[in-house]
Each structure stands twice: as structure tokens, then as C-alpha cells.
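# A structural model of the following input is requested.
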Amino acid sequence: MAAITVRNLPDEVHRSLCARAALNGRSTEEEVLALLEELVKPQGRLKLGTLLASVGRNMELTDEEVELISQRDQSLPRPVSLE
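Predicted coordinates:
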């Protein structure tokens, strides 16, 4: 796991971090880690399935188009030649 060093941290910032950590029942290091994670992690990550479902809902397909999509090729897959 990576580690970082923060130089020239103002005393006021350090005191605030210590106070915030105490309020949250964490060490100062744990508080800094929690703050960093909250800051840099993407908020509300959208997963591919959710995105595709949203696109499908917004397409306003006709009944005929839905029927075409629901028809699947039932044939067996062909072997792949890598030569």
C-alpha cells in the first residue's frame, strides 16, 4: 500500500484534523484517509448495466422493434480459428 508525506502542514489544519478525528472516533491518520477517499472516489458510479437499461427506457421502441430484439439466434457458436 502506498504512503504519502505532507510537509509544511499548518498548525491550524493539523489541529482541525485532530479535532475532527476525535469527533469521528478515529485516529488522525484514519481521518485523513477517510477524507481523501471521500474526495477522490467517483460519486455515484454508474455501472454499465444501469446505463444500458437507461438507454433502453429512453429509446421508445415500437412493438415490432422489441420483437426483433427479443428474437435470438439459437444456432450453436462456431469454433474460432486462430490460424
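
# Just checking the distance from stretch 4-19 to the centre of its chain.
Between the centre of stretch 4-19 and the centre of its host chain there is 29 Å, according to CA atoms, centre = their mean, to the nearest Å.

# What lies in contact with that stretch?
Under the contact criterion CB atoms under 8 Å, 6 or more residues apart in numbering, stretch 4-19 has outside partners 28, 31, 32. Heads up, the C-betas are built off the backbone N, CA and C, glycines and all.

# Narrow these to those that are buried.
The neighbour count (16 or more other CB atoms under 10 Å) marks 31, 32 as buried among the contacts of stretch 4-19.

# quick one: which of the contacts of stretch 4-19 sit in helices?
In helices, defined here by DSSP state H, the members of the contacts of stretch 4-19 are 28, 31, 32.

# Now for the second one: which residues touch it?
If a contact means CB under 8 Å, 6+ apart, then residue 31 has 17, 20, 21, 24 as its contacts.

# quick one: which helix or strand includes the second one?
This points to residue 20. helix 11-23 (DSSP states H and E).

# What mean pLDDT does that helix get?
Averaging pLDDT along helix 11-23 gives 95.

# Appreciated, that's everything.
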